[in-house]
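Peer 1: Here you go, sequence then predicted model.
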Number of protein chains: 2
Amino acid sequence: MIHIYTGNGKGKTTAALGLIIRALGNGKKVCLIQFMKKNFIYGEIKFLEKQNNIDIFQFGTDQLIDPNNPDEIDFKEAELGYQKAKEILNSSKYDLIVIDEINVAIKWKLLPLEKQLELLDIKTDAEVVMTGRYASPEVIKRANLVTEMLEIKHYYHEGVQAREGVEF
Amino acid sequence: MIHIYTGNGKGKTTAALGLIIRALGNGKKVCLIQFMKKNFIYGEIKFLEKQNNIDIFQFGTDQLIDPNNPDEIDFKEAELGYQKAKEILNSSKYDLIVIDEINVAIKWKLLPLEKQLELLDIKTDAEVVMTGRYASPEVIKRANLVTEMLEIKHYYHEGVQAREGVEF
């Protein structure tokens, strides 16, 4: 089954993380591939790195990307992420494969949409989860489950900054 | 800050679980209180029970509740859950307090809305997360962050049943 968690509200990556611990709790094998998140210390990564039965691969840099003017390395890392995702989806080694923020990588044209669709078309028995705002209609069409996380209210608008342990 | 994850889509409890591991990864102390989920073996509980820095309290039974005709024990357990939540919110022992499915307990009138509002009005430095469909407007008004998980597509409608490691 293919899950997509998209939309402008908080909860997309965290929902995928929740699925990861549910799977680990049931003895399943998990792979987490993250786009645009390398070298930044997220609480969830510190936690998951210590667990068994999970492999984590991060692509990107620790710098924010300018969507209108990404650096060459951003394209290069996105391509490496795609190659890794393809390898993992074809490997039959995992029960759950989470590809975090790929929807944004596509929206920002770090990767062509065709590559995401190619990943979605790989036949696998694994549960496949893709996250990130801006899931394209073609991606939604191929998915079995799509949740839009809709922001009804967000404390960012009250001026609250991202906080360790809550946003990262 | 108070977060509410509501709506009819998949991802509410899992988003709260993701926040839990992000907090644990940053060395924070977590309390998870669940309504209507006792004695049923969820993968996430099997996993979280083995972790440090988290306390878990479950209330309810392992039976599905008939929303139109709950059993006496369902009311009793919901009341116990409310008492525990009140104690925990007043304790200053935790950095993150997740009160899972409380919105549904209110909607099904296992608890009066006033008790949920009372919990929301407790002053605490902890991050407080409440989940479940049907968050009431009064709850949304008191929250700092509200995400509606909107079902765009769900494989249940293709006849797929809840699966171990994915739904529980």
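Peer 2: Here it is on my side, so go on.

Peer 1: Surely A:Phe75 and A:Trp108 touch.
Peer 2: No - A:Phe75 is not in contact with A:Trp108 according to C-beta atoms under 8 Å; the separation is 9.9 Å. Placement of C-beta: from N, CA and C, glycine included.

Peer 1: Compare these two and say which one has the larger neighbour count.
Peer 2: A:Trp108 (20 against 15; other C-beta atoms under 10 Å in any protein chain shown).

Peer 1: Would you enumerate the residues in contact with the more buried one?
Peer 2: A:65, A:67, A:70 (C-beta atoms under 8 Å, 6 or more residues apart in numbering or on different chains).

Peer 1: again, only using 10 Å
Peer 2: A:35-36, A:65-68, A:70, A:74-75, A:78, A:132, A:134 (C-beta atoms under 10 Å, 6 or more residues apart in numbering or on different chains).

Peer 1: got it, and A:Glu49?
Peer 2: A:Glu49 neighbours (C-beta under 10 Å, 6+ apart): A:56, B:25.

Peer 1: what pLDDT does it get?
Peer 2: A:Glu49 is assigned a pLDDT of 96 by the prediction.

Peer 1: what helices or strands is the lengthiest helix in chain A leaning on?
Peer 2: Determined from DSSP state H, the single longest helix within chain A is helix A:72-89. The helices and strands touching helix A:72-89, judged by 3 or more C-beta pairs under 10 Å, 6 or more residues apart in numbering or on different chains; DSSP states H and E, are strand A:30-34, strand A:54-58, strand A:96-100, helix A:102-107, helix A:113-120, strand A:127-131.

Peer 1: Can you tell me how far the residue nearest in space to the middle of chain A is from chain B?
Peer 2: Nearest to the mean C-alpha position of chain A, by C-alpha atoms, centre = their mean, lies A:Asp100 at 0.4 Å. Taking C-beta to the nearest C-beta, to the nearest Å as the measure, A:Asp100 and chain B are separated by 11 Å.

Peer 1: Identify the residues contacting that residue.
Peer 2: A:5, A:12-13, A:16-17, A:32-37, A:44, A:56, A:58, A:81, A:129-132.

Peer 1: distance of the nearest residue to A:Ile45 once chain neighbours are set aside from chain B?
Peer 2: Using C-beta to C-beta, 6 or more residues apart in numbering or on different chains and skipping residues adjacent in sequence, the residue nearest A:Ile45 is A:Ile56, 6.6 Å away. According to C-beta to the nearest C-beta, A:Ile56 and chain B sit 12 Å apart.

Peer 1: so A:Ile56 sits right up against A:Tyr94, yeah?
Peer 2: No - counting by C-beta atoms under 10 Å, A:Ile56 does not reach A:Tyr94; the two are 11.8 Å apart.
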